[in-house]
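> I need the structure of the sequence given here:
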Amino acid sequence: MRSFVQGKNYRLTSGMPLTSKVYSPGAPNLKIARFSTGQASPDYDYILKLVSTEKVQIRHNALEAARVAANKKLTPIGENSYFLRVKVYPHVILRENRMIATAGADRLQEGMRKAWGKPMGLAARVMPGSPILELQVKKENLQKAKDAMKSASTKLPMPTEIVVEKLEKVSPEIPATG
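Model prediction:
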């Protein structure tokens with residue numbers, strides 16, 4: 001017996017996205033608890049970005065799982081030592097056309113092609129090279145930040161890469177005296 005609901009049904013992008021909740025009553029609520037955690041501050045040394053390498057849809061529960069995994073690895077260094085941000089917003093409404101496959105049904109129902117379906121989740125469409133998570137840390141916590149991003153990448157449905165950039169310190173300009 002073959003399962004109809006497969007991961008690739010929701011991971012791959014196809015067609016125009018449905019984004020308006022007006023036309024889709026019963027669309028689920030967003031599962032992402034927070035889009036930013038930690039302490040925002042101008043004195044961080046590095047910014048790490050978790051970047052997608054493929055065109056893909058990421059479901060909202062996968063984004064929340066990645067955020068929680070990264071945050072869990074970062075809590076030992078202290079809430080004031082990092083700033084983590086989810087950069088994508090899941091606004092695409094995913095639909096599922098359920099089929100009958102109960103006891104007593106001797107055959108699985110085929111159903112019609114391109115059926116509308118009921119809303120069952122939200123997803124964010126991501127292009128190659130676009131950041132999914134952004135993390136700002138100080139120099140002494142760089143290795144723990146890399147581990148946190150690696151842990152978060154295991155929760156996402158596509159290959160990712162971690163980009164590390166050094167932040168430039170902006171010094172206040174001293175006015176010239178004449």
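> hang on, Ala145 in a helix?
Yes. Under DSSP: H, G, I helix; E, B strand; the rest coil, Ala145 sits within a helix.
> I'd like to know how many residues surround the closest residue to it other than its chain neighbours.
Leaving aside its sequence neighbours, Ala145 sits nearest to Val137 (Cβ to Cβ, 6 or more residues apart in numbering; 4.3 Å). C-beta: built from backbone N, CA, C; applies to glycine. As a burial measure, Val137 scores 26 neighbours (other Cβ atoms under 10 Å).
> wait, doesn't His91 sit right on Leu122?
Yes. Assessed by Cβ atoms under 8 Å, His91 is found in contact with Leu122 at 6.9 Å.
> contacting residues around the lengthiest helix in the chain?
Criterion DSSP state H: the longest helix present in the chain is helix 60-74. Applying Cβ atoms under 8 Å, 6 or more residues apart in numbering, the set of residues contacting helix 60-74 from outside is 30-34, 37-38, 50, 81-82, 84, 86, 88, 90, 121-124, 132-133, 135, 144-145, 147-149, 151-157.
> CA-only coordinates of stretch 74-86 in PDB, if you can.
This file holds the C-alpha atoms of stretch 74-86, laid out as PDB (Å, rounded to 0.1, in the frame of the first residue of the first chain):
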ATOM      1  CA  LEU A  74      22.900  28.800  22.700                       C
ATOM      2  CA  THR A  75      21.300  29.000  26.200                       C
ATOM      3  CA  PRO A  76      24.500  28.000  28.100                       C
ATOM      4  CA  ILE A  77      26.300  31.100  26.800                       C
ATOM      5  CA  GLY A  78      23.600  33.300  28.200                       C
ATOM      6  CA  GLU A  79      20.600  35.200  26.800                       C
ATOM      7  CA  ASN A  80      22.600  38.500  26.600                       C
ATOM      8  CA  SER A  81      25.400  36.900  24.500                       C
ATOM      9  CA  TYR A  82      23.600  36.300  21.200                       C
ATOM     10  CA  PHE A  83      20.800  37.500  19.000                       C
ATOM     11  CA  LEU A  84      18.900  34.900  16.900                       C
ATOM     12  CA  ARG A  85      16.400  35.900  14.200                       C
ATOM     13  CA  VAL A  86      14.200  33.900  11.800                       C
END
